[in-house]
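Enquirer: just need the structure, nothing else, for what follows:
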Amino acid sequence: MATTINKQRLLAQVFAAGKKCGVPAPESRPVLEEFIYGLCRENATPQQAERAYRTLCERFFDWNEVRVSSQRELEEAMADLPGADGRAERLIGFLQEVFETKFAFELEDLQKKGLKVAAKQLGRYQAANEYTSSWVTQRSLGGHAIPVDAPTLRCARRLGLVECGPEDGEAARATLEHLVPKAKGALFTDVISTLAEEFCAEEAPNCPACPLAGECATAQESLAVTGPAARSHRPKPR
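Expert: From the prediction side, this is the model:
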């Protein structure tokens, strides 16, 4: 089990790896747009989410047009994302709920209600889950939250940043929120997702090429068995 000191050293290496991988600085968006972006971002890389979000903004006139469009049209706009059909259904449902309750497409009033009240109200939307609620809390509401999806949990467990089971995202989130400084929460979220996509695949991770191989116990075990020359030739998704 990694000590707190070791975890802090690991965390410093994670941020250093983010610079090597060219992870861009996080952007700031209005609350409603951040929720939609978070919906795109779960189980996807920053690059994949950015492409899907930009496509939605460019292909449709406004969020009302997105709301009244067919699920198939939204699936095509988010085709690069895994599970595009489910995301499209959630997006339509979310915009419909917002429209029915506010007759507008904005949620900026949540920023004035206090963090706990705002997070609770966000969680009432049927399209919301722990990831999207944590994402908006981190990016728009000024709270300290680490969104944890499957790639984040996988990479954090292999690195030794968390010791919980593969299905215990809530425990992982609590550990990471204690470990990662609030000011670096958004950067951590983007870097860990990029590392998970580029090197730490669920099947056949490319440990020899990973910039964290020297700090990662899982990589060290893998390299001890396969040798440093072994590489995964898993093609990158387009």
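Enquirer: domains in this structure, by residue range?
Expert: The record's domain split for the chain, according to automatic domain parsing, is 4-23+147-226, 31-139.
Enquirer: redo these as CSV? Include mean neighbour count and mean pLDDT.
Expert: Every residue, glycine included, has its C-beta placed from N, CA and C. Formatted as CSV, the domains of the chain follow (neighbours: other C-beta atoms under 10 Å; pLDDT from 0 to 100):
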stretch, mean neighbour count, mean pLDDT
domain 4-23+147-226, 18, 90
domain 31-139, 18, 96
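Enquirer: give the other helices and strands that the helix or strand that contains E65 contacts.
Expert: E65 belongs to helix 63-68 when elements are defined using DSSP states H and E. Identification of packing neighbours for helix 63-68 by 3 or more C-beta pairs under 8 Å, 6 or more residues apart in numbering; DSSP states H and E yields helix 84-102.
Enquirer: and the contacts of the helix it packs on?
Expert: 32, 35-36, 39-40, 63-64, 66-67, 69, 71-72, 74-75, 77-78, 81, 104-105, 107, 125-128 (C-beta atoms under 8 Å, 6 or more residues apart in numbering).
Enquirer: likewise stretch 25-41?
Expert: Contacts of stretch 25-41 (C-beta under 8 Å, 6+ apart): 48-49, 52-53, 56, 63, 78, 81, 87, 90-91, 94, 98, 105-108, 110-111, 122, 125, 127-128, 131-132, 135-136, 139-141, 147, 186-187, 189-190, 193.
Enquirer: in strands only, show me those residues.
Expert: Residues of these located in strands (DSSP state E): none.
Enquirer: just the helices in this structure please.
Expert: 4-20, 31-41, 46-59, 63-68, 71-77, 84-102, 115-123, 130-139, 150-159, 169-179, 185-198, 217-226 (DSSP state H).
Enquirer: turn those helices into CSV, including distance to A209.
Expert: Below are those laid out as CSV (distance: least, C-beta to C-beta, whole Å):
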stretch, distance to A209
helix 4-20, 11
helix 31-41, 24
helix 46-59, 18
helix 63-68, 38
helix 71-77, 32
helix 84-102, 29
helix 115-123, 38
helix 130-139, 28
helix 150-159, 14
helix 169-179, 24
helix 185-198, 8
helix 217-226, 10
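Enquirer: which of those sits closest to N206?
Expert: helix 185-198 (7.7 Å; C-beta to C-beta).
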